[in-house]
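S.K.: Curious how this folds, go ahead:
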Amino acid sequence: MAYNEKLADRIRELLADANVNVFEKKMFSGLSFLVNDKMCVSVAKNDRVLIRLSPADYEEAVEINGVELMLRNGKALKGYVFVNASVLRTDKELKHWVDLALAFNPIAKSSK
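M.R.: The predicted structure follows:
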């Protein structure tokens, strides 16, 4: 299953409004938006968005309905959560999550 193009377009608009250096790359079975060469937000298959969060925001996010852990080899990958499109219906809801990812981006470690 391919990623949701409409959701990707909505994220593109938010990132354009944020005036950040964005590069798009296909990864995580979807389309990732790298900000300053670091994975920030990704549109994944199954109408989900992968968000990279600060440790504090991660701990809060995992308690929210519609948020799932990102698992790698059966273990949670801390700092990354999937947010289901069902809780991203409005631009305000999506902007909240993108803003959290953008706030963490300057201090996030690069995977290079």
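
S.K.: what are the ranges of the helices in this structure?
M.R.: Using DSSP state H, the helices of the chain run over 5-18, 55-61, 91-104.

S.K.: right, and these - which one's nearest residue 46?
M.R.: Closest to residue 46 of those, according to Cβ to Cβ: helix 5-18, at 11.1 Å. Yep, even glycine has a C-beta here, placed from its N, CA and C like the rest.

S.K.: any idea which of the helices of the chain is most buried?
M.R.: A comparison of those by mean neighbour count, using mean count of other Cβ atoms under 10 Å, puts helix 91-104 on top with a mean of 18.

S.K.: Residue 70 versus residue 111, what's the distance?
M.R.: Remark: distance between residue 111 and residue 70 (Cβ to Cβ, to the nearest Å) = 14 Å.

S.K.: Next: residue 23.
M.R.: 21 Å.

S.K.: what do you get for residue 17?
M.R.: Separation of residue 17 from residue 70 (Cβ to Cβ): 26 Å.

S.K.: next one: residue 63
M.R.: Using Cβ to Cβ, residue 63 is found at 15 Å from residue 70.

S.K.: more crowded one of those two?
M.R.: Neighbours per residue, other Cβ atoms under 10 Å: of residue 63 and residue 70, the larger number sits with residue 70, 19 against 7.

S.K.: partners of the closest residue to the more buried one other than its chain neighbours in the sheet?
M.R.: Counting by Cβ to Cβ, 6 or more residues apart in numbering, residue 80 is the residue found nearest to residue 70 once chain neighbours are left out, at 4.0 Å. Here residue 80 sits in beta bridges with residue 52, going by DSSP bridges.

S.K.: Per-residue pLDDT of residue 80, please?
M.R.: Residue 80 carries a pLDDT value of 95.

S.K.: now swap in residue 112 and tell me
M.R.: At residue 112, pLDDT is 62.

S.K.: same deal with residue 67?
M.R.: Residue 67 carries a pLDDT value of 96.
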